[in-house]
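*Asks:* here you go, sequence then predicted model.
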Amino acid sequence: MIDGKTLVCGLIGDPVEHTLSPVIHNTLAQETGENLVYVPFPVKAERVEDAVRGARALSVGGLNVTVPHKSAVIPYLSSVEREAELIGAVNTLVPEGDGYRGYNTDLTGLGRALLSEGISLEGERVILLGAGGAARAAVFLCVLRGAKEVWLLNRTTEKAEALAGEANRAAGRECVKPLALSDWRRIPEGSYLAVQCTKAGLFPDTESAPIEEPDFYKRIHTGYDLVYRPARTKFMRLTEEAGGKAFNGLKMLLYQGIGAYELWTGVTVTEEQARICLDRMEKELYRNG
C-alpha cells in the first residue's frame, strides 16, 4: 500500500520505457516487506542536473542511472565511492546530506553473477571483448578482484589501449593487455574466461558475434555474455559448441539491482528472494519467446 511513508526510488535515463528495473525493485519490495515503490523517469541529457537536484528536493530515496547519463551525473553528486570513481561512471545514487553519493553496482553485480555460477576471478586468465561502458566495469572488476591477466580486445586498438592504461594504473601492475579483435590469435593458447561486453548478438541482431571464427572459442572454458536478449546468443552457442560453458547477462542485471536495493534499504536480500526476482524477470523478458 502506497502511503505517506512510502520510499520512492527510480531510474533516470533516455530511453527508459523498456527497462526491467521496476520488475526487480518492486518484486524485492514485495518479498522483503519494504514500503518502497520504483518507477522509471525519462530524462534528457540537458536536464540531468535538474533531475538530480529535483529528485533530492523531493526526497526521492534512491536513483539508478542508465545510459547516457552514467558519467554525466557525477558533477552533480556530493561524493562518489572509490570503485565508481575509478570506473568513471555511476549507476546508483544514495541520499547523502543534501545530495547523493554515487556507486557503481554494475561492477559488484557482475562479480556476484559470476560467483553465483561458481566463477572466481582470483588468479583467472580473462579475455574481455569490447572497450565501451560495460567493459569499463568488467575490466576494473577483473583487476581489482585479482585476475592474473586480462586480454582486452576491441574493434579499434586506441580505445582498448586507453582503457587498459587506466586499469593497469588502478591495479598497480601491467596485467591488462590491449589488442584489436582481429588480432585474437596473438593471445597465448590456454583456457580462458571470456566476458562479452559488446552489443554483438543483441536483439534484433541475433546472428552476430564479436568474433565469428570457431577456433577462437576453443580457448574459452566459460563464456559470459552481458547480452540477455536473446537468452542464448550466438557467442554463447559458439562457446558451447567448442566445449565451454556459457551464461547470459540476466543475472548481472539482477545483482546490480540487488546491490542498489540493499544500499537504499539496508536490507540483505536472500538467495531465495533473488531467485523469485529472477523468475519474474525471465517471465517478463521471455514471455513472447
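*Replies:* Cool, got the structure. Just so it is clear, the structure is predicted and the values come from calculations on it, not from any experiment.
*Asks:* what are the boundaries of the helices in the protein?
*Replies:* Ranges of helices in the chain, per DSSP state H, are 21-32, 48-57, 82-87, 105-116, 133-144, 157-171, 214-217, 234-241, 250-265, 271-286.
*Asks:* okay if I get those as a markdown table plus distance to Thr198?
*Replies:* Where C-beta positions appear, they are placed from N, C-alpha and C, glycine not excepted. Putting the helices of the chain into a markdown table (distance: least, C-beta to C-beta, whole Å) gives the following:
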| stretch | distance to Thr198 |
| --- | --- |
| helix 21-32 | 22 |
| helix 48-57 | 26 |
| helix 82-87 | 18 |
| helix 105-116 | 15 |
| helix 133-144 | 8 |
| helix 157-171 | 12 |
| helix 214-217 | 14 |
| helix 234-241 | 9 |
| helix 250-265 | 15 |
| helix 271-286 | 20 |
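*Asks:* JSON lines please, covering these and showing mean pLDDT, distance to Ser182 and mean neighbour count.
*Replies:* Below are the helices of the chain laid out as JSON lines (pLDDT from 0 to 100; distance: least, C-beta to C-beta, whole Å; neighbours: other C-beta atoms under 10 Å):
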{"stretch": "helix 21-32", "mean pLDDT": "98", "distance to Ser182": "36", "mean neighbour count": "20"}
{"stretch": "helix 48-57", "mean pLDDT": "98", "distance to Ser182": "37", "mean neighbour count": "17"}
{"stretch": "helix 82-87", "mean pLDDT": "93", "distance to Ser182": "27", "mean neighbour count": "19"}
{"stretch": "helix 105-116", "mean pLDDT": "96", "distance to Ser182": "26", "mean neighbour count": "23"}
{"stretch": "helix 133-144", "mean pLDDT": "94", "distance to Ser182": "17", "mean neighbour count": "24"}
{"stretch": "helix 157-171", "mean pLDDT": "96", "distance to Ser182": "10", "mean neighbour count": "18"}
{"stretch": "helix 214-217", "mean pLDDT": "98", "distance to Ser182": "11", "mean neighbour count": "16"}
{"stretch": "helix 234-241", "mean pLDDT": "98", "distance to Ser182": "17", "mean neighbour count": "20"}
{"stretch": "helix 250-265", "mean pLDDT": "98", "distance to Ser182": "27", "mean neighbour count": "24"}
{"stretch": "helix 271-286", "mean pLDDT": "95", "distance to Ser182": "33", "mean neighbour count": "15"}
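*Asks:* out of the ones you listed, flag the one nearest Ala72.
*Replies:* Of all these, it is helix 48-57 that lies closest to Ala72, at 5.0 Å by C-beta to C-beta.
*Asks:* which residues touch the closest one?
*Replies:* Applying C-beta atoms under 8 Å, 6 or more residues apart in numbering, the contact partners of helix 48-57 are 10, 12, 41, 43, 63, 69, 72-73, 75-77, 93, 95, 98-100.
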